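Visitor: Let's see this in three dimensions:
(3 chains)
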Amino acid sequence: MIENRLRELGILLPIPPKSAGSYIPVVVSGNLVFVSGQIPIEHGQLKYQGKVKNNQYIQNAQNAAKLCIINALSQLNTYFGTLEHIEKIVKVSGFVNSEERFTEHPKVINAASDLLVDIFGEKGRHTRIAVGVSSLPLNATVEIDMIVEISE
Amino acid sequence: MIENRLRELGILLPIPPKSAGSYIPVVVSGNLVFVSGQIPIEHGQLKYQGKVKNNQYIQNAQNAAKLCIINALSQLNTYFGTLEHIEKIVKVSGFVNSEERFTEHPKVINAASDLLVDIFGEKGRHTRIAVGVSSLPLNATVEIDMIVEISE
Amino acid sequence: MIENRLRELGILLPIPPKSAGSYIPVVVSGNLVFVSGQIPIEHGQLKYQGKVKNNQYIQNAQNAAKLCIINALSQLNTYFGTLEHIEKIVKVSGFVNSEERFTEHPKVINAASDLLVDIFGEKGRHTRIAVGVSSLPLNATVEIDMIVEISE
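Guide: Numbering: from 1, shown residues only, chains lettered A, B, ... in the order given. A predicted model of the protein is given here:
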């Protein structure tokens, strides 16, 4: 049970953040579920903002990436009322707000990827992109969206 | 009827812009339809170019985002001969050509999101990402791609 | 046969690069196949790195884009044991590591698009985005991901 696994990991899914605009957090099409880009908001406040300056300072960004995943899962949990129907994590797109010289995007987004595998096991193993961007909404440090597959 | 709704809104779908490269504007896979990234071209000319400098000057970018949506819908309309088979707008990806300090990407892409809801109502409510990028093709201000679901 | 076509084009699919992180290269969901973002690695080494400076120097970036596609196809070939079941290339997302003034992203990603059409013919004609980003993993010049459709 994913619910038990979250408890073991000490993860409490929050009430998901509101959309920062006129869109919705989750759309289902067949077995595919699309989750809007999530930024590292906690208790209604952006917790991680600003650019990742260089390869020495990535821990904040890793925490930001994990919070994006927790928010994405809380969106799914609110939409479906459970996470048990998730068949697999299909795709994670990670956008890192970073200086031009930054090159360690994989390490940042690995924090997100590892968390998904910790929670979902083999079902959590996904494809992904990790890219650096020059700016993000509200100056968030990371934005992550997700595609998951649900069982019928 | 979407056709009537477009007329009410005063929107005339143009002949869609040609691809800026060796790709095609629309690919259908099952019920999902992928639309290539659209830039704000009107009558064959790029209408909105240059970066969004700061949070004070976003109206141009909003108009650019709306034009991207109109171009995406004109691609779909040309491909299918109608927009009536669109079951829902699944995903919008918005890339804003912006200075590093820009943080109001949601306001820019909201113009696109709002237009989709104006046209399609509940079916127009979608997931999305909005990110800032350091450059775009032809120095376009915004690039937007879309995934929609069509009825069988 | 795609295999013959690759031979005609002088393309030898390499052993695909390892993931630069805790994700997997290929996930299948129904008829859709998602391929993780590929960077221009050859024989375990990043072959093309650094930003595209301006519109005069794009040939390196074009070669990088082609290598990304070859790596994506090698991922698919390793996963499925063949490329013959590819029904169509659905979507290509191209991220070009570029200076702010760069505007020729389409020319860079065209090298990728053209290669796909060279290999797959009509089935290789895809939708795409091409955007500029301020940084990429390992300072790669290009990152490309792909969605393809396989026959049942």
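
Visitor: all contacts plus neighbour counts: C-alpha atoms, from now on.
Guide: Will do.

Visitor: avg pLDDT for the one helix or strand residue A:60 maps to?
Guide: Element membership for residue A:60, per DSSP states H and E: helix A:59-80. Mean pLDDT, computed over helix A:59-80, is 98.

Visitor: Please name every helix or strand in contact with that helix.
Guide: Applying 3 or more CA pairs under 8 Å, 6 or more residues apart in numbering or on different chains; DSSP states H and E, we find helix A:59-80 packed against strand A:26-29, strand A:32-38, strand A:41-42, helix A:105-120, strand A:142-150.

Visitor: can you rerun that using 10 Å?
Guide: strand A:26-29, strand A:32-38, strand A:41-42, strand A:86-97, helix A:105-120, strand A:142-150 (3 or more CA pairs under 10 Å, 6 or more residues apart in numbering or on different chains; DSSP states H and E).

Visitor: Check whether the fourth one comes near chain B.
Guide: It stands for strand A:86-97. Yes. On the criterion CA under 10 Å from any CA of the partner chain, strand A:86-97 is in touch with chain B at A:93, A:95, A:96, A:97.

Visitor: distance of residue A:144 from chain C?
Guide: Residue A:144 is 14 Å from chain C, where distance means CA to the nearest CA, to the nearest Å.

Visitor: Enumerate every residue touching that residue.
Guide: Contacts of residue A:144 were listed using CA atoms under 10 Å, 6 or more residues apart in numbering or on different chains, and they are A:35-40, A:64-69, A:71-72, A:92-96, A:109, A:112, A:129-130, B:129.

Visitor: let's go with 6 Å and repeat that
Guide: With contact taken as CA atoms under 6 Å, 6 or more residues apart in numbering or on different chains, residue A:144 is in contact with A:37, A:38, A:93, A:94.

Visitor: So which residue is smack in the middle of chain A?
Guide: The residue lying closest to the centre of chain A (CA atoms, centre = their mean) is residue A:69, at 2.6 Å.

Visitor: need the helices and strands packed on helix A:59-80 in CSV with mean pLDDT, can you?
Guide: Below are these laid out as CSV (pLDDT from 0 to 100):
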stretch, mean pLDDT
strand A:26-29, 98
strand A:32-38, 98
strand A:41-42, 96
strand A:86-97, 98
helix A:105-120, 97
strand A:142-150, 98
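
Visitor: closest one to residue C:60 among those?
Guide: Comparison of the helices and strands packed on helix A:59-80 against residue C:60 by CA to CA identifies helix A:105-120 as nearest, at 22.3 Å.

Visitor: quick one: contacts of that closest one?
Guide: With contact meaning CA under 6 Å, 6+ apart, helix A:105-120 is reached by A:61, A:62, A:65, A:66, A:124, A:125, C:21, C:22, C:137.

Visitor: which among the residues you listed end up buried?
Guide: Buried members of those, scored by 16 or more other CA atoms under 10 Å in any protein chain shown, are A:61, A:62, A:65, A:66, A:124, A:125, C:21, C:22, C:137.

Visitor: Just list the residues touching the last one, thanks.
Guide: Put plainly, it is residue C:137. Applying CA under 6 Å, 6+ apart to residue C:137 gives the contacts A:103, A:104, A:105.

Visitor: at 7 Å what do you get?
Guide: Contacts here follow CA atoms under 7 Å, 6 or more residues apart in numbering or on different chains; on that basis residue C:137 touches A:103, A:104, A:105, A:106, A:131.

Visitor: Could you point out which of those residues is nearest to residue C:46?
Guide: Taking CA to CA as the measure, residue C:46 lies nearest residue A:103 of these, at 12.5 Å.

Visitor: who wins for most neighbours among the contacts of residue A:144?
Guide: With neighbours defined as other CA atoms under 10 Å in any protein chain shown, the most crowded of the contacts of residue A:144 is residue A:38; it has 31 neighbours.

Visitor: which residues does that one bridge with?
Guide: For residue A:38, the beta-bridge partners are residue A:144 (DSSP bridges).

Visitor: Could you tell me how far the helix holding residue A:60 lies from the centre of the chain?
Guide: Put simply, helix A:59-80 sits 4 Å off its chain's centre (CA atoms, centre = their mean, to the nearest Å).

Visitor: which of the residues in it are buried?
Guide: For helix A:59-80, burial by neighbour count (16+ other CA under 10 Å) applies to A:60-78.

Visitor: what is the orientation angle of it with strand A:142-150?
Guide: 40 degrees (axes from the mean of the first three to the mean of the last three CA atoms, to 10 degrees).

Visitor: Mind listing residues that contact helix A:59-80?
Guide: A:13-16, A:25-26, A:35, A:38-40, A:48, A:52, A:83, A:108-109, A:111-112, A:115, A:141-144.

Visitor: follow-up on the earlier one: a markdown table please, covering the helices and strands packed on helix A:59-80 and showing distance to residue B:30.
Guide: Shown next, in a markdown table, are those (distance: least, CA to CA, whole Å):
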| stretch | distance to residue B:30 |
| --- | --- |
| strand A:26-29 | 11 |
| strand A:32-38 | 12 |
| strand A:41-42 | 35 |
| strand A:86-97 | 17 |
| helix A:105-120 | 28 |
| strand A:142-150 | 15 |
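
Visitor: Tell me which of those sits nearest to residue B:151.
Guide: With CA to CA as the measure, strand A:26-29 is the member of the helices and strands packed on helix A:59-80 nearest residue B:151 (10.8 Å).

Visitor: so what strands line up beside that closest one?
Guide: Paired strands of strand A:26-29, with direction, are strand A:32-38 (antiparallel) (DSSP bridges).

Visitor: got the CA positions of the strand it pairs with in CSV?
Guide: Presented in CSV, the C-alpha positions along strand A:32-38 are these (Å, rounded to 0.1, in the frame of the first residue of the first chain):
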residue,chain,number,x,y,z
LEU,A,32,-2.7,8.6,-18.8
VAL,A,33,-2.8,11.3,-16.1
PHE,A,34,-1.2,14.6,-16.6
VAL,A,35,-0.2,16.7,-13.6
SER,A,36,0.5,20.4,-14.0
GLY,A,37,3.9,21.9,-13.2
GLN,A,38,4.4,22.0,-9.5
